[in-house]
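Colleague: Quick one, fold the following:
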Amino acid sequence: MLRIHFTDVDLARTRVAAAADPFWEIASSLHRFQTRRGRWAYAEWHRTARSHLREHRLDKALRGILLPLFPRAAYFPDFLTPLAGCGGWDAGADAIMSTPAPQVLQEVQALGQASGAPAWTPRLTETETRAELVQVMRAYYNAVIAPHSDRVQASLEADRCLRVRALLTGGIDGLLQSLRPAMHWQPPVLHVDTYGGDRDLHLAGRGLLLVPSYFCWGLPVPIADPALPPVVVYSVLDGVPSCEQPLAPTAVSALAGVVGRSRAAILRATAAGATTGELARAVGISASAAAQHTSALRDAGLISSRRAANTVLHTLTPLGAALVQANSPEHTRAR
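Modeller: Purely as a prediction, here's the structure:
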């Protein structure tokens, strides 16, 4: 259990990352290869990832470089998931390349002590070796993560809508309460079920960055070094019923059945995120009818759904958003 201690200043500086961090998604997706836990949630990804790695000739790099650097449920070097990664690939890659050599050496030695590390890892202090690693990480990202960007984005948008609602209705206390069940907010301490034993982290005015992750499953993952800017990565999928998962692109074939005035109205009403009850009131239908319509829209890949306490929150997928935009009055006039 990790206990994160907040002051009033820390509460004011707590925030949720606006997008997925590509470096944390690399780390978390590599963990998916090392366990069967949560396999059902990533079934399609697992079916394609290894074949894509073979096609790009990255299967050897996966076994010899990436998996040893990112062991699941154990320590892995913090410099490989830099805070700058929240700003995109280029910013994160620059941060990895500019990490001081003594810090790199210290962290790869900690990796060796925690779970063992290949003999070549101390050479990561050299700029050339680190540049080669960044190239391998980028190739891996392009091969197995980028092709799923729409699904990742839809899940993150759904989670972001949930967090915004919690913040608007309950303030920062509501936001932190919404992180259950993996994190438990008992002011002024956030209790995080995670790997790494029993410890305390005092934010001391630095605030906390919460990073939503599609590939993180199960326990949240905090940054290991307490001296670094505090970060906790959490899953946007864990605990979501399988029927509410964003479906495969092949589900687009179900679009032929998604027609009619009520469903079109529900799609438009979902643009800012809405519960089943809110959609029913907006469209003027019963809650049971709204549930049937959202089920059909979800099966067609147009919306995704997340359970939040006693309600289900619906948001548009990228496909659904594109459909709504294409049928907006402004777009129609432009044509």
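Colleague: Give the other helices and strands that the helix or strand where residue 168 lies contacts.
Modeller: Taking DSSP states H and E as the definition, one finds residue 168 inside helix 149-177. Helices and strands touching helix 149-177, by 3 or more Cβ pairs under 8 Å, 6 or more residues apart in numbering; DSSP states H and E, are strand 15-16, strand 183-186, strand 209-213, strand 303-308, strand 311-316, helix 318-326. Where C-beta positions appear, they are placed from N, C-alpha and C, glycine not excepted.
Colleague: How are the strands of the stretch 201-335 of the chain distributed by residue range?
Modeller: Residue ranges of the strands in the stretch 201-335 of the chain, as given by DSSP state E, counting those that start in this stretch, are 209-213, 221-222, 231-235, 274-275, 303-308, 311-316.
Colleague: Please identify the pairing partners of the third one and their relative orientation?
Modeller: Going back to what we said before, that points to strand 231-235. Paired strands of strand 231-235, with direction, are strand 209-213 (parallel), strand 221-222 (antiparallel) (DSSP bridges).
Colleague: now the angle from that strand to helix 149-177?
Modeller: With axes from the mean of the first three to the mean of the last three Cα atoms, to 10 degrees as the basis, strand 231-235 and helix 149-177 are set at 120 degrees to each other.
Colleague: What of the fifth one?
Modeller: Angle between the axes of strand 303-308 and helix 149-177 is 20 degrees (criterion: the same axes, to 10 degrees).
Colleague: Report the buried residues of strand 303-308.
Modeller: 303, 304, 305, 306, 308 (16 or more other Cβ atoms under 10 Å).
Colleague: which residues pair with the last one across the strands?
Modeller: In other words, residue 308. residue 311.
Colleague: wait, isn't it in contact with residue 161?
Modeller: No. Between residue 308 and residue 161 there is no contact under Cβ atoms under 8 Å: 9.3 Å.
Colleague: hang on, the earlier thing: redo the buried residues of strand 303-308 as CSV? Include pLDDT.
Modeller: Listed next are the buried residues of strand 303-308 as CSV, based on pLDDT from 0 to 100:
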residue, pLDDT
303, 84
304, 85
305, 86
306, 82
308, 71
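Colleague: Include distance to residue 206 when you put those residues into CSV, please.
Modeller: Converted to CSV, those look like this (distance: Cβ to Cβ, whole Å):
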residue, distance to residue 206
303, 37
304, 33
305, 35
306, 29
308, 29
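Colleague: Closest to residue 264 out of the residues you listed?
Modeller: Distance to residue 264, by Cβ to Cβ, is smallest for residue 303 among these, at 12.6 Å.
Colleague: what separates the closest one from residue 40, distance-wise?
Modeller: 21 Å (Cβ to Cβ, to the nearest Å).
Colleague: Next: residue 129.
Modeller: For residue 129, the distance to residue 40 - Cβ to Cβ - is 38 Å.
Colleague: what about those two, which has more around it?
Modeller: residue 129 (15 against 10; other Cβ atoms under 10 Å).
Colleague: Please report how far that one lies from residue 120.
Modeller: 8 Å.
Colleague: comparing the strands of the stretch 201-335 of the chain, which gets the lowest mean pLDDT score?
Modeller: Mean pLDDT is lowest for strand 303-308 out of these, coming in at a mean of 81.
Colleague: tilt between that one and strand 311-316?
Modeller: Using the same axes, to 10 degrees: strand 303-308 against strand 311-316 is 150 degrees.
Colleague: ok now strand 303-308, how far from the chain's centre?
Modeller: Chain-centre distance of strand 303-308: 15 Å, with Cα atoms, centre = their mean, to the nearest Å.
Colleague: same thing with stretch 211-226?
Modeller: Taking mean C-alpha positions (Cα atoms, centre = their mean), stretch 211-226 and its chain are 9 Å apart.
Colleague: And for stretch 289-307?
Modeller: Per Cα atoms, centre = their mean, the centroid offset for stretch 289-307 relative to its chain is 21 Å.
Colleague: and the gap between residue 51 and residue 31?
Modeller: 20 Å.
Colleague: Comparing those two, which shows the higher neighbour count?
Modeller: Neighbour count, other Cβ under 10 Å: between residue 51 and residue 31, residue 31 has more, with 23 against 12.
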